[in-house]
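*Asks:* can't give you the sequence, but here's the structure:
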């Protein structure tokens, strides 16, 4: 089975500072990787995804992530945090062997300090 | 239309009530999912329907009963729930690999 690790269940950054949320996965085959954001009492919204091709992917709201196969990582970054970025962030993975299964990390709660 | 809709938004029920949650998508997706989510936790998979057939049941108690009347609709029937079943219930849909999941806004369920 797949496993997804998000280091740091809580991350705090100052407004305007770099956001870095970490995600590592285990997969013996090329994975498909996703970052979702969840605001309080809402559903999950896709920020960005990696399927094939360019390893640096850009998403919505200024976020981007880089797929590093050698490090089995897919860390999420944003150069300058905004107050509206405060939310819960989930990394997720699927692959061609998991069928309809979708594996989530444990989530990282991002706080932005004014 | 790239939206998954869920009704109701909020539901409060007693332990002896019977209620249903509804989910709808019009993206032509052939897989639909029910997840349960507790606060500050990732969604936990409950059921997966693929081509209108139940393909995954993650050992969910029988007080939760899923139904897929057609390819666009997914219901979750609730009966004799417990207070610990209070959570956000999320519906999602996907279409083939890479299995990107499109989520609805959820139903906030409170069991008294």
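*Replies:* Received it, and whenever you're ready, just let me know what you need. Computed from a predicted structure; not experimentally measured.
*Asks:* only C-alpha atoms for contact and neighbour calcs from this point on.
*Replies:* Noted.
*Asks:* The residue of chain B found nearest chain A: what's it in contact with?
*Replies:* Nearest residue of chain B to chain A: residue B:105, at 4.1 Å (CA to the nearest CA). By CA atoms under 8 Å, 6 or more residues apart in numbering or on different chains, residue B:105 lies in contact with A:41-44, B:4-6, B:9, B:90.
*Asks:* Out of those, name the ones that lie in strands.
*Replies:* Here DSSP state E is the test, and these give A:44, B:4-6, B:90 as lying in strands.
*Asks:* Which single one of those residues is nearest to residue A:58?
*Replies:* residue A:44 (17.9 Å; CA to CA).
*Asks:* Just to check, that closest one is in contact with residue A:38?
*Replies:* Yes. With contact defined as CA atoms under 8 Å, residue A:44 counts as touching residue A:38 (4.8 Å).
*Asks:* nearest residue to the residue nearest the centre of chain A other than its sequence neighbours?
*Replies:* Closest residue to the average C-alpha location of chain A: residue A:35 at 3.5 Å, with CA atoms, centre = their mean. Counting by CA to CA, 6 or more residues apart in numbering or on different chains, residue A:91 is the residue found nearest to residue A:35 once chain neighbours are left out, at 4.6 Å.
*Asks:* got the contact list for that neighbour?
*Replies:* Applying CA under 8 Å, 6+ apart to residue A:91 gives the contacts A:4, A:6, A:23, A:33-36, A:104-105, A:107.
*Asks:* Assign residue B:84 to helix, strand or coil.
*Replies:* helix (DSSP: H, G, I helix; E, B strand; the rest coil).
*Asks:* Now name the helix or strand holding the residue positioned nearest the centre of chain B.
*Replies:* The centroid of chain B falls nearest to residue B:34 when counting by CA atoms, centre = their mean (3.1 Å). Here residue B:34 sits within strand B:31-37, counting by DSSP states H and E.
*Asks:* which other residues reach that strand?
*Replies:* When contacts are defined by CA under 8 Å, 6+ apart, strand B:31-37 is touched by residues A:100, B:43-52, B:74, B:76, B:87-95.
*Asks:* By the neighbour-count criterion, which of those qualify as buried?
*Replies:* A:100, B:43-50, B:52, B:74, B:76, B:87-95 (16 or more other CA atoms under 10 Å in any protein chain shown).
*Asks:* now chain B, which segments are flagged as low pLDDT?
*Replies:* Residues of chain B meeting the criterion pLDDT under 70: B:1-2.
*Asks:* Let me see the ranges of the strands in it.
*Replies:* B:4-7, B:10-13, B:18-25, B:31-37, B:44-50, B:53-57, B:64-70, B:73-79, B:87-94, B:102-103, B:107-111.
*Asks:* For residue A:49, which of those is the nearest?
*Replies:* Counting by CA to CA, residue A:49 lies closest to strand B:102-103 out of the strands of chain B; the figure is 12.5 Å.
*Asks:* hmm, the closest one touching chain A?
*Replies:* Yes. Contact of strand B:102-103 with chain A is found when judged by CA under 8 Å from any CA of the partner chain, involving B:102-103.
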